[in-house]
Each structure stands twice: as C-alpha cells, then as structure tokens.
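Q: My questions concern the predicted model and sequence given below.
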Amino acid sequence: MTTATELKPAHTVHSNAVGIARSLGPAFAARAAEADDDDAFVADNYRDLRHSGLVEVGVPADLGGGGAEVRELCDMIRELAHHCGSTALAFSMHTHQVAIPAWRWTRQKAAPVMPLLKRVAAERVILLSSGGSDWIEGSGKAQKVDGGYRITARKIFTSGSPIGDILMTGAVLDEPDGPKVLHFGLPMKSPHVKVLDTWKVMGMRGTGSNDVMIEGHVVPEEAVALKRNQGEWHMLFQIISMIAFPLIYSAYLGVAESARDIAVEMAKRKEPDAHVIELAGRMETELRAAQYAHAAMIAAAERGEPSPATTNEIMIGRSLVARHAIAATELAMETAGGAAFYRDKGLERRFRDIQGARYHPMRAGPQQEFSGRMALGLDTLRTF
C-alpha cells in the first residue's frame, strides 16, 4: 500500500534540471503563442534545450549524463509546461526515451543500452518516439533481406520530428509462428525517411508531431534491440509504462497548473462574487486531485517493480490525471470569466492543449478493462 510520504508532490524536489527549465521558461513563454498561431514547431526552444544540458540530464552520471531520475525529470517537464505546453510534451517524448534505457542500465545493468546513452550524453542527440502508433500492437512492415530488415511504415504522432536524430520505433515481421514486432532505432537522416507536414491540430500545435514515412530503410540485424510477439504485453512495455507515463503526464499537469494561475490572477482583478469563489474552489479541488494522482504515478515508478500490478497503478493514475487536469482547466476558463475567451490571455491555448491528455495509451476504455481484469484476477496479456 502506498504511504502518505510516498505521495509527496513532484514539485517539492528542487533540482538543477528544474532550475534550468525555469530559467528557460520566459523565452519559451514568449514564443508559445506564435508557434501555436502558425502551427510551427518550437525549434528555437529545442535549440535552447540542447545548449542547456537538459537533453542529456536523464543519462546516468557514470555514462556522462546528469543522472536525473524520474521524479526530477517529471519536475523538469512540469516546469516547462508552465511556460509552453508544446515544448514540455514534445520534450517528454525525448526524455522518456532516455529515462527507460537509463533505468535499465542503473537497475538491470543492461549492457545493450549503453551505446545509445553514451551518444545522448556526448552528442546531445534528440530521440523521437513513435508513441501511439507503436503501442502493443505495433505498426509498419519489416521484410527480411540479407543482413537485416527492410522497413515500410508510416509513424504517426512523432513529436519533435523536425529536429530529431533517432526515431525509436518498430515494425511487424510475419513469421511462421505468428507476427513479431521488431524494435530498433532509425536515423532520421536516412534517405528513406521523410517527415510529412501533417500536424494541423486543435492543441499542442508546436510539438511537431508529424507523420514520419519510412520507405525501404534497411535495419541491420544487429541493430534490432528486441523481437516480441505482436499484440501482447512484454516486460519491456511494463517498464515503458512505469517510466514514460509519469513523464508525459507531467506536461499536462503543468498546463493545468498554469491555467489555474492565470485564472486566479484574472479573477482577482475585480471583486469576486459567490459564484466565482465557488468556481475557484472547484478548480482547486480538481487540480489537487490531478496532483495527487500524478504523485502516485511517480511513487509507483520509484518503487521500480515493473509488472501488471504496477502498470495498473500507473494507468489508473494516467486516467485520473487526465480527467482532473481537463476539469481543472475547464473551470479555470469559467473562473476567469468571459475574458478567458480572448487568445492573448493564454487560457484558450491551455484549454486546447489539455485536450491531448485524452489520447495517449491506455485510453479510458482499455484502462478500465485492464483494471477490471486485475481486480477479478483475470488475464491481462492482450488488454491494452
């Protein structure tokens, strides 16, 4: 059972990574509206992130990085989200692709992850995640050729695609005993890889989460990090769930917190009536629920016990953070009043950005089925 001390909010940890993120914040905030208005990737923010040392901050210190772990990284993403939600969400995708092999190195001494982590530390390479398009089912086609596999795929929601160096992705290989998903890193500079200009969306417009088309790139046999059965949970995905989702949902929590701050400041400009006071109280309550749920996700990650039980706790937290962060942001709009409808106030953008919390795995239906199966002692192998 999780104790009260384990549920301390992530923002109580004061780290150098958070301080750096906070120092970058004003410049990021100043660029946020323009990126949103123009559907433009936050390229200048990524330039600053690369120069700041935050790209490698999650690499273990013995491999040349900053040695930050999940709680500190969550604080960093959350702080970035107070200034620019798109930057925070996109950077959470790089950050979790670093944090997962870092966990495997520090906890499991998994030697195969060492070269990638050393490259991130030494070269400040940006890792991309193909995210929802490569959940348990996988996507794309792998065809066996001499020395490797020819890949044909279209990867959606590839946040940071305009600036990324390596796409951490996969493809499906048909084998006699059933389809397998191959996992590998793919260089974005390959002539067989193209970023498509598809990211025209409601919110998080600056993330550059374009589709990436892969047509004929050959992945060498030795570059395949994992082969697993398609459509069922593998231990790697228990680790991914444990590490990635507290980081991703830090971005949404930070957006909701910044919406609350804007709303309170706007509401204070005139004498609040009883209705506004009640709205502010409801907003605070919803936000606190999101903060508590997120703290529980971090606590589950810090216990470091990847398993269906931990995945269940993480995914319950993911659903609760999404539900309450969205509700808090909606109430921020109402608490601020009609002025919130003006784009220059910043609330309208945060209202749109927070909607993205609905769409990451595991969405409400699969999450509730997974939790129900866990409660009833049923198999969860193919519930995702």
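A: The structure has been received and is ready for your questions.

Q: ok, the nearest residue to residue 379 once chain neighbours are set aside to residue 312 distance?
A: Spatial nearest neighbour of residue 379, chain neighbours left out: residue 373 (6.8 Å); criterion: CB to CB, 6 or more residues apart in numbering. All C-beta atoms are positioned from the backbone trio N, CA, C, and that covers glycine. For residue 373, the distance to residue 312 (CB to CB, to the nearest Å) stands at 9 Å.

Q: More neighbours: which of these two?
A: Set side by side, residue 373 and residue 312 give different neighbour counts by other CB atoms under 10 Å, the larger being at residue 312 (20 against 16).

Q: so the spatially most central residue of the chain is in which element?
A: The structure's the chain has its C-alpha centroid closest to residue 248; by CA atoms, centre = their mean the separation is 2.7 Å. Assigning secondary structure by DSSP states H and E places residue 248 in helix 235-267.

Q: Just checking, which helix or strand succeeds that helix along the chain?
A: Scanning the chain past helix 235-267 towards its C-terminal end, the next helix or strand to appear is helix 274-303 (assignment: DSSP H and E).

Q: any idea how far that next one is from the chain center?
A: Average the C-alpha atoms of helix 274-303, do the same for its chain, and the two points are 19 Å apart (CA atoms, centre = their mean, to the nearest Å).

Q: Would you mark the buried spots in that helix?
A: Under the neighbour-count criterion of 16 or more other CB atoms under 10 Å, helix 274-303 has 276, 279-280, 282-283, 286-287, 289-291, 293-301 buried.

Q: Then stretch 24-38?
A: Buried positions in stretch 24-38, judged by neighbour count with 16+ other CB under 10 Å: 24, 25, 28, 31, 32, 35, 36.

Q: what packs against the helix holding residue 248?
A: In this structure, helix 235-267 packs against helix 70-83, helix 85-108, helix 274-303, helix 308-336, helix 347-354, with contacts taken as 3 or more CB pairs under 8 Å, 6 or more residues apart in numbering; DSSP states H and E.

Q: can I get the CA coordinates of the last one in CSV?
A: Taking Å, rounded to 0.1, in the frame of the first residue of the first chain, the C-alpha atoms of helix 347-354 are listed here in CSV:
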residue,chain,number,x,y,z
LEU,A,347,-6.1,30.3,-21.2
GLU,A,348,-7.7,29.5,-24.5
ARG,A,349,-4.4,27.8,-25.7
ARG,A,350,-4.1,25.9,-22.5
PHE,A,351,-7.7,24.7,-22.8
ARG,A,352,-6.9,23.3,-26.2
ASP,A,353,-3.5,21.9,-25.2
ILE,A,354,-5.0,20.0,-22.2
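
Q: Mind giving me the packing neighbours of the helix or strand following it?
A: From helix 347-354 onward toward the C-terminus, using DSSP H and E, the following helix or strand is helix 364-376. Contact analysis of helix 364-376 by 3+ CB pairs under 8 Å, 6+ apart lists helix 308-336 as its packing neighbours.

Q: Hey, what's the angle from the helix it packs on to helix 364-376? Just curious.
A: Computed by axes from the mean of the first three to the mean of the last three CA atoms, to 10 degrees, the angle separating helix 308-336 from helix 364-376 equals 140 degrees.

Q: you'd agree the residue nearest to the centre of the chain is up against residue 94?
A: No: in this structure residue 248 lies outside contact range of residue 94 using CB atoms under 8 Å: 11.4 Å.

Q: so of the buried residues of stretch 24-38, which ones are in helices?
A: Among those, the residues falling in helices (DSSP state H) are 24, 25, 28, 31, 32, 35, 36.

Q: Can you tell me how far the second one is from residue 18?
A: Spelled out, it's residue 25. Noted for residue 25: a distance of 10 Å to residue 18, by CB to CB.

Q: got any residues that touch both of these two?
A: Common contact partners of residue 25 and residue 18 (CB atoms under 8 Å, 6 or more residues apart in numbering): residue 79.

Q: From the chain's centroid, how far away is stretch 241-258?
A: Between the mean C-alpha point of stretch 241-258 and the mean C-alpha point of its chain there is a distance of 7 Å (CA atoms, centre = their mean).

Q: typo on my end, stretch 145-160
A: Worked out by CA atoms, centre = their mean, stretch 145-160 lies 21 Å from the chain centre.

Q: still on that earlier bit, who are the neighbours in contact with the residue nearest to the centre of the chain?
A: For residue 248, the residues meeting the contact criterion (CB under 8 Å, 6+ apart) are 89, 92, 93, 96, 360.

Q: got a pLDDT number for it?
A: Note on residue 248: pLDDT of 98.

Q: Can you give me the distance of the residue lying farthest from the centre of the chain to residue 277?
A: Relative to the centre of the chain, the most outlying C-alpha is that of residue 271, 39.1 Å out, by CA atoms, centre = their mean. Using CB to CB, we find residue 271 at a distance of 10 Å from residue 277.

Q: So the residue nearest to residue 79 when sequence neighbours are not counted: helix, strand or coil?
A: Leaving out its chain neighbours, the residue that sits closest to residue 79 by CB to CB, 6+ apart is residue 21, at 4.1 Å. Following DSSP: H, G, I helix; E, B strand; the rest coil, we place residue 21 in the helix state.
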